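> attaching a predicted model along with its sequence, questions to come.
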Amino acid sequence: MALIRRDMLSQTMTLGGLTMLTGCDVSDSDAVQSALETVSRFNDRVQAAIFGENRLAPTFADALAVKDFRYNAWYGPDKAPRLEEATYRLSLAGRIADKKPWTVAQLHALPQQSQTTRHVCVEGWSMIGKWGGTPLRTFLQRIGADTSAKYVGFECADGYYEGIDMATALHPQTLMAFSLADEIIPFEHGFPFKLRIPTKLGFKNPKFITTIYVSNTQPRGYWPDRGYNWFSGI
Ligand SMILES: Nc1nc2c(c(=O)[nH]1)N[C@H]1C(S)=C(S)[C@@H](COP(=O)(O)O)O[C@H]1N2
Ligand SMILES: [Mo]
C-alpha cells in the first residue's frame, strides 16, 4: 500500500535525505515511486531475515474460533468461484518432480491437523478461525518439489495470484486448509482448500487455488502489484 510506505518513509527520512540517498529529484513522482520500491524491497529482505522458519504465530483455544467466518475478496461473495469436486484438478508446475494433477479426493486423503489462529486483514478486521488441513510442507515433499528453490507461487480461479518464500512454504503452520470451523471449507472461502498462513496478512492466504508452482523467480502477488509489501508478515 503506497500510503503506508509513504508514512513509513516519512518517519525514517526526509525527502531531502531520500534525494541524497537515491540521487533522484523527489518532485518527480516516478522517481519517488522507484525510490519507495527500493525501500520496500529492502523491507522485504529485512523481514525475511527477521521472520525465522521457527517463529510460530499465536494459537488460541478452539472455543474462541468463530463459526461464521467473514468473507473477503476484491469482489462480493455472489461472484466467488465455485470449484466443483467432480471437475476440480490442482495443477502443479515448475520445479516439481511429479506434476500429476490432484483430485479433491486425493487431497482429502492427505494427513490432516487443525489450527486455531487469528486471520488479520489489512482492511481493518481480524478474526480467530479454526482451520484443518495438511501442512504445505508435507504436500511439497509428497510431490517431489525442489525445496531448495526460493519460492512457491499460486494461481487462483478468480485471477488472483500470490507467492511466498520457501521458508514460509515449509513453516509448520502453513496449511492447505480443507476445513473451516470443523466443516468442509465453504465454496466462498476457497473450496477445495485455501492456503492458511497465520504468519502472513490475510491477502497472502490465497483461496480457489488451481495451480501451485515452485520457482527461483519471485512470484508476483495481486496486492503487492498494487503497492502492498510483498513479504507482509505479521
Ligand atoms: N483467490 C483469492 N484469494 C484471496 C483473496 C481474493 O480476492 N481472491 N482475498 C484475500 C484477502 S484480502 C483476504 S482478507 C482473505 C479472506 O479470506 P476469507 O474469505 O476466507 O475470510 O482471502 C485472501 N485470499
Ligand atoms: Mo484482506
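Perfect, I can see it now. Ligands and ions are numbered 1, 2, ... in the order given.
> send me the longest helix seen in the chain as PDB with only the CA atoms.
Across the chain, the longest stretch assigned as helix under DSSP state H is helix 29-50. Extracted C-alpha coordinates of helix 29-50, given in PDB (Å, rounded to 0.1, in the frame of the first residue of the first chain):
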ATOM      1  CA  SER A  29       6.700  11.200  -8.900                       C
ATOM      2  CA  ASP A  30       8.200   8.300 -11.000                       C
ATOM      3  CA  ALA A  31      11.500   8.700  -9.200                       C
ATOM      4  CA  VAL A  32       9.700   8.900  -5.800                       C
ATOM      5  CA  GLN A  33       7.900   5.700  -6.700                       C
ATOM      6  CA  SER A  34      11.000   3.900  -7.700                       C
ATOM      7  CA  ALA A  35      12.800   5.000  -4.500                       C
ATOM      8  CA  LEU A  36       9.800   3.800  -2.500                       C
ATOM      9  CA  GLU A  37      10.000   0.500  -4.300                       C
ATOM     10  CA  THR A  38      13.700   0.200  -3.400                       C
ATOM     11  CA  VAL A  39      12.900   0.800   0.200                       C
ATOM     12  CA  SER A  40      10.000  -1.700   0.000                       C
ATOM     13  CA  ARG A  41      12.400  -4.400  -1.400                       C
ATOM     14  CA  PHE A  42      14.800  -3.600   1.400                       C
ATOM     15  CA  ASN A  43      11.900  -4.100   3.800                       C
ATOM     16  CA  ASP A  44      11.200  -7.500   2.200                       C
ATOM     17  CA  ARG A  45      14.800  -8.600   2.800                       C
ATOM     18  CA  VAL A  46      14.900  -7.400   6.400                       C
ATOM     19  CA  GLN A  47      11.500  -9.100   7.100                       C
ATOM     20  CA  ALA A  48      12.600 -12.300   5.500                       C
ATOM     21  CA  ALA A  49      15.700 -12.300   7.800                       C
ATOM     22  CA  ILE A  50      13.600 -11.500  11.000                       C
END
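> helix or strand right after that helix?
Following helix 29-50 in sequence order, the next helix or strand is strand 91-94 (DSSP states H and E).
> hang on, the earlier thing: mean confidence score for the longest helix of the chain?
Helix 29-50 shows a mean pLDDT of 73.
> and that helix, what other elements does it pack with?
For helix 29-50, the elements it packs on are helix 2-12, helix 15-22, judged by 3 or more Cβ pairs under 8 Å, 6 or more residues apart in numbering; DSSP states H and E. Heads up, the C-betas are built off the backbone N, CA and C, glycines and all.
> state the distance from the residue nearest to the spatial centre of the chain to residue 186.
By Cα atoms, centre = their mean, the chain has its centre lying nearest to residue 204, at 2.3 Å. From residue 204 over to residue 186 the distance is 20 Å, taken as Cβ to Cβ, to the nearest Å.
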